[in-house]
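Colleague: Quick one, structure for this:
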Amino acid sequence: MVRLDRCKDRFLGFFVYSTVRSATIKSHRVGIAYRLAQFILLIYIIGWELIYKKGYQAFDNVSSSVTTKVKGQGFVPINSSIDKSMDKKDPSYYQKLFKFDTNKTYRLMDTADYVVPPNEYNSIFIMSNFIETTQTQGRCDEEVTKPKAKCLIDEDCLILGDATNSWNGIPTGRCINSSTTPGVNVCEVIIGFGIFLFFY
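Modeller: Residues are numbered from 1 along each chain as shown. Alright, predicted model coming up:
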C-alpha cells in the first residue's frame, strides 16, 4: 500500500508547476498546461528549427576577394614578328619561339610594368596597351646561384628554357666572366628601369 502511495505521489508530482519563487501549485490543470507548454516548445525546437529548417546548417553570404600575383621578367623583341611557319604541335615550339637571338633587340619588362593594381571590387584589369617613356638599360653578369647561369661558351646562353624566369634580366647570349666569383663564367643579362603608361 505504501508503494502504491509513493508511485501515486511521484506520478502526481510530475504535473506540479513551480514558479521562480518556489511556489508549489498542486493543480492538475496547471501541471498539465505547464508540461504541455514544455512539450510544444521541445517539438518546435527539434522538429521545426533543427529537422525541418535545418537551423544548424544556417548559411550566410560570403564576403571575399581574389588577389593575383605575377613574378618574373617579360621581354618583347623590338621590330620583329613571330615566324608563323612553325608548327604549334611541335614539342619544341615554345623553346624555338622564345629562343634568344643575338641579332635582335629586346625590351625588358618586370612586374611593376605589366601588373595592374585593381581599382575596384569584383573586377580584373589586364594590360592591353602601353606607351613607353624614358628607359635606360645596362648589361651585367648574372648571379652565379641562378639556375643555368653558369656557362662555358656563348651557345650555353642561347637556349635556356624556363630557367630565366628567376633571373634578374634577359640573357644577351654572351658568356662572360663573373664579377663576384673569379674563375667562373656566367651568362650576360640586360637589366633596366623604366616607367610605362597603361591604357585599358
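
Colleague: CA atoms for contacts and neighbours, from now on please.
Modeller: Will do.

Colleague: Report all helices and strands that the helix or strand in which D5 is found contacts.
Modeller: D5 is part of helix 2-13 when elements are defined by DSSP states H and E. If you count contacts as 3 or more CA pairs under 8 Å, 6 or more residues apart in numbering; DSSP states H and E, helix 2-13 packs onto no helix or strand.

Colleague: now that helix: mean pLDDT?
Modeller: On average, the pLDDT along helix 2-13 is 76.

Colleague: what's the answer for stretch 104-120, then?
Modeller: Per-residue pLDDT values over stretch 104-120 give a mean of 70.

Colleague: Distance check, the closest residue to G55 other than its chain neighbours against I43.
Modeller: In space, and not counting its chain neighbours, G55 is closest to E49: 5.4 Å by CA to CA, 6 or more residues apart in numbering. From E49 across to I43, the span is 9 Å (CA to CA, to the nearest Å).

Colleague: can you check L36 too?
Modeller: Using CA to CA, we find L36 at a distance of 10 Å from I43.

Colleague: Local confidence estimate at the residue nearest to G55?
Modeller: Here, the pLDDT recorded for E49 equals 82.

Colleague: Then it would be within a helix, right?
Modeller: Yes: assessed by DSSP: H, G, I helix; E, B strand; the rest coil, E49 belongs to a helix.

Colleague: what about it, neighbour count?
Modeller: E49: 13 surrounding residues under other CA atoms under 10 Å.

Colleague: For this protein, which segments count as strands?
Modeller: Assigned by DSSP state E, the strands in the chain fall at 17-18, 24-25, 74-77, 106-109, 129-141, 170-177, 185-199.
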